[in-house]
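A.B. asks: test case, fold it:
(chains A and B)
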Amino acid sequence: MTPPDRPRARRSARGRFGEKAVLLALAAAATISVLVTVGIVVVLVEEGALFFTDVPITEFFTGTQWFPLEGKFGVLPLLNASIVIALIAAVVAVPLGLGSAIYLSEYAPERLRRVVKPVLEILAGMPTIVLGFFALDAVTPALQMVFPGLGLYNALAAGIVVGLLITPLISSLSEDAMRAVPNSMREGAFGLGATRRVVSLRVVVPAALSGIVASIVLAISRAIGETMAVTLAAGTIPNLSWNPLEGMQTITAYIVQVSKGEATRGSLQYDSIFAVGLLLFVVTLVINIIAVRIVRKYRTVYQ
Amino acid sequence: MSTLETPAPPPQPPVASTVRPLAKKRARPSEQLFKWLVVGLTAITMAMLIWLLTSVLIRGAGSVSWAFLTDKPSSNPAKAGFNSALRGSIVLMMVTIFFAWPIGVAAALYLEKFAAQSATLTERRLRERLATGRVTGPGAAWTRIRLWWLRIRPRVVHLVDVNISNLAAVPSIIYGLLGLAIFVGVMGISKSLLAGGLTLAVLILPIIIIAAREALRAVPMSIEQGAMALGATRWQAVRSQVFPAALPGILTGTILAMSRAIGETAPLIVVGGVVYSTAVPSLNPLEAGNEALLAMPLQIYFWTDQPQASFQAIAAAGIIVLLATLLVMNLVAIILRNRYSKRW
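C.D. replies: Here you go, the predicted structure:
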């Protein structure tokens, strides 16, 4: 049946059984990464659905009180706390991160840059439990000197350390975006008499804007998902407030609080951590998708 | 008004003297100000890092000792040791790497070296086979399925790509919920080092895949093509040429992923809770299913959460040990990268 013009060697190489088995095994490994996503979604939706059979979804999203032991499940205080702390973190991290990025990309000599950049990235790799300890042990006492009467647990200290955590994220990604701006654009502007500040602010930053904005959006998503620093520093009392000097409990801190104790499987408290986990997952996913969209839509490709 | 309008004065030609000569090369105040602003912001960030490190060192250095590393936990802060946490973290890392590394590297190999390759030749061969009518019945159906797979494969691979980068951005506490529901809930593993290690394995899987793909991508195609031109199949070329060349890069990425895993606290709390235990876990990873979930970051959290100041000191001591471990891991990664990385 084999046509005579087909060389035999190629056929035998193609037909090796071992090769196909290996390929199948590798493909199976790649499938596992998809299964993880499916697993996360299924677990959160399934367990969350159990929660919503007991607690109406309208009460969940409009209730302003979160007292699980009294059966009050209004998620607004938790969500609000996550947002307040992420915003404080952004207020801290955007100037620090952008300033460092502009300095490293436009001002710093190459040798200094090679030292400063990895040092900044130490902050990004810092375990968040360390930042939580730092907030409790050093930041809050320092803030208490500025704001007498500040409690041990407050959103401000939590926001500041989370801001520190996401600063290298902003500076690193923004700097990459700025360095991708071709030198010819800088030289063109210098040739027209622009100073270094004007080149930085009017040429490089606008050209790299999509990358910069995306880095900030990603950093905020990271701040919302941050757990240990906010659990230790902002406390575990749900509090619907915009006052950063008060303690408040974030979504992530609530999950930790319930997990610490022994919430029995199937209890309403056990289900509630999956419900708020689902909310957290959706919020961070939406923010990440926005970041990807920003890059894709506004990116200018330079040669 | 007189009948005679005074004519508008003719536009004056610019007087030569208004064109100022180039200013002397003295930086303008706004320039200097801006430069000092960005320098200052960078310096503040560095200063915060230094503040963090020194405050931890000052608080904890006095408590770090050999006894601290070898003693069991205790409710008495003066006697409490870090040994159980240290052992727990070691076993956790063994379990994590045992599951995450093979799966992550295999997935990277498939995505980078097989799925992303063009399949024009295979596609043509399958089409020919259908056209000649040599295959019939189930054989033909199978061939059609393969053709269909080849057609949708690029889109599927793209989706897997997007999925992996999204996974890398999922908050770590969500992985804890996954581990709690799947490993503890569905699979019935006790809240042990095994459950924690599996959860961390899932957590770093996307990081390992991304790092391994980058390392594989850095090996030039010509290496693979050379091997294939000498008669190797793609798998042979990848196994004996591309993979060894990419190995240092893959290992560097793996160590960095592990240094992420070793500091993770939140997923472990969700999976195992915070238990006070004086047990000393065995270093045998096969026993991991029976050992209470203890790890360095969990112990640090437990101590930090205690109100007494004396516990804060040993928490800081624990942090020093954790940071020293991270430092060593990162140094190994850097040495590995510098010593074995090739420029093609």
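A.B. asks: what's the helix or strand for residue 282?
C.D. replies: Since you didn't name a chain, this refers to chain A. If you go by DSSP states H and E, A:V282 is part of helix A:268-298.
A.B. asks: you answered for a different chain; I wanted chain B.
C.D. replies: Short version, using DSSP H and E: B:S282 is in no helix or strand.
A.B. asks: any idea of the pLDDT on it?
C.D. replies: pLDDT, B:S282: 83.
A.B. asks: which residues does the lowest-mean-pLDDT helix or strand in chain B contact?
C.D. replies: Least confident helix or strand, chain B: helix B:120-132 with a mean of 82, by mean pLDDT, DSSP states H and E. Applying C-beta atoms under 8 Å, 6 or more residues apart in numbering or on different chains, the contact partners of helix B:120-132 are B:V135, B:A140, B:T143, B:R144, B:R146, B:L147, B:L150. (C-beta placed from N, C-alpha, C; glycine too.)
A.B. asks: ditto for stretch B:228-239
C.D. replies: Defining contact as C-beta under 8 Å, 6+ apart, one finds that stretch B:228-239 is touched by A:9, A:13, A:16, A:19, A:22-23, B:109, B:113-114, B:117, B:223-224, B:227, B:240-241.
A.B. asks: phi, psi of the closest residue to B:P297 other than its chain neighbours?
C.D. replies: In space, and not counting its chain neighbours, B:P297 is closest to B:T265: 4.0 Å by C-beta to C-beta, 6 or more residues apart in numbering or on different chains. Dihedral pair for B:T265: phi -110, psi -50, per degrees, to the nearest 10.
A.B. asks: for chain B, tell me whether stretch A:145-159 is touching it.
C.D. replies: No. Stretch A:145-159 lies out of reach of chain B by C-beta under 8 Å from any C-beta of the partner chain, never closer than 9.4 Å.
A.B. asks: now do the buried residues in that stretch.
C.D. replies: Neighbour-count burial for stretch A:145-159, counted by 16 or more other C-beta atoms under 10 Å in any protein chain shown, picks out A:L150, A:Y153, A:N154, A:A155, A:L156, A:A157, A:A158, A:G159.
A.B. asks: please render those as TSV that adds secondary structure to the earlier fields.
C.D. replies: Formatted as TSV, the buried residues of stretch A:145-159 follow (DSSP: H, G, I helix; E, B strand; the rest coil):
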residue	secondary structure
A:L150	coil
A:Y153	coil
A:N154	coil
A:A155	helix
A:L156	helix
A:A157	helix
A:A158	helix
A:G159	helix
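A.B. asks: between these, which is nearest A:I57?
C.D. replies: For those, the closest approach to A:I57 (C-beta to C-beta) belongs to A:A155, at 27.2 Å.
A.B. asks: what residues does the stretch 51-200 of chain B put near chain A?
C.D. replies: Near chain A, the residues belonging to the stretch 51-200 of chain B are B:51-52, B:55-56, B:59, B:102-104, B:106-107, B:109-111, B:114-115, B:134, B:160, B:163-164, B:166-167, B:169-178, B:180-182, B:185 when assessed by C-beta under 8 Å from any C-beta.
A.B. asks: could you pull up the residues touching the residue of the stretch 151-300 of chain A at minimum distance from chain B?
C.D. replies: With C-beta to the nearest C-beta as the measure, A:G225 is the residue of the stretch 151-300 of chain A nearest to chain B, at 2.6 Å. Taking C-beta under 8 Å, 6+ apart, we find A:G225 in contact with A:T252, A:L280, A:T284, B:V170, B:P171, B:S172, B:I173, B:I174.
A.B. asks: from those residues, which two are the most distant?
C.D. replies: Taking C-beta to C-beta, the two most distant members of the contacts of A:G225 are A:T252 and B:V170; they sit 12.5 Å apart.
A.B. asks: hang on, the earlier thing: redo the contacts of helix B:120-132 as a markdown table? Include neighbour count and secondary structure.
C.D. replies: Output for those, formatted as a markdown table (neighbours: other C-beta atoms under 10 Å in any protein chain shown; DSSP: H, G, I helix; E, B strand; the rest coil):
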| residue | neighbour count | secondary structure |
| --- | --- | --- |
| B:V135 | 15 | coil |
| B:A140 | 14 | helix |
| B:T143 | 17 | helix |
| B:R144 | 13 | helix |
| B:R146 | 15 | helix |
| B:L147 | 16 | helix |
| B:L150 | 15 | helix |
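A.B. asks: having no further points to raise, I will conclude here.
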